[in-house]
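K.L.:
Coordinates only, no sequence provided:
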């Protein structure tokens, strides 16, 4: 059995599965639907998310957006300020 150390492949796998569990648990509020284009380089991954990991693509994209906006709150503020100027 491999020892769990920071940066080890086993620890990395554990973190990935933890993040996928977070995606599965994400609660999506609202029912608004939006048609978006997906870049070809991402499509191959997205189409196997559900069959391989039982992760819904809509949940996955919402999770990524949530994380991105949490990591970059200045972007939200800039959008709000720019909108006020319209």
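P.N.:
Good, I have the coordinates. What you see is a predicted model, and the numbers here were worked out from it, not measured in a lab.

K.L.:
count of neighbours near residue 72?
P.N.:
By other Cβ atoms under 10 Å, 11 other residues sit near residue 72. Backbone N, C-alpha and C define where each C-beta goes, glycine included.

K.L.:
To clarify, my last question referred to residue 12.
P.N.:
11.

K.L.:
And the pLDDT for it?
P.N.:
pLDDT, residue 12: 77.

K.L.:
what kind of secondary structure is it in?
P.N.:
Look at residue 12: counting by DSSP: H, G, I helix; E, B strand; the rest coil, its state is helix.

K.L.:
now it: how far from residue 19?
P.N.:
11 Å (Cβ to Cβ, to the nearest Å).

K.L.:
any low-confidence regions in this structure?
P.N.:
For the chain, the stretches with pLDDT under 70 are 1-10.

K.L.:
As a check, name the ranges of all helices in it.
P.N.:
9-25, 40-53, 57-71, 73-84 (DSSP state H).

K.L.:
Out of those helices, flag the one nearest residue 31.
P.N.:
Among those, the nearest to residue 31 by Cβ to Cβ is helix 57-71 (11.3 Å).

K.L.:
on contacts alone, who are the packing partners of that closest one?
P.N.:
Helix 57-71 sits against helix 9-25, helix 40-53, with contacts defined as 3 or more Cβ pairs under 8 Å, 6 or more residues apart in numbering; DSSP states H and E.

K.L.:
So which bits of the longest one are buried?
P.N.:
Going back to what we said before, that points to helix 9-25. Counting neighbours by 16 or more other Cβ atoms under 10 Å, one finds that the buried residues in helix 9-25 are 20, 23.

K.L.:
Spell out which residues are contacts of both of residue 12 and residue 19.
P.N.:
Common contact partners of residue 12 and residue 19 (Cβ atoms under 8 Å, 6 or more residues apart in numbering): none.

K.L.:
just checking, residue 69 touches residue 75?
P.N.:
Yes - between residue 69 and residue 75 there is a contact at 6.9 Å, judged by Cβ atoms under 8 Å.

K.L.:
Looking at the helices of the chain, which is nearest to residue 34?
P.N.:
Nearest of the helices of the chain (Cβ to Cβ): helix 57-71, 9.8 Å.
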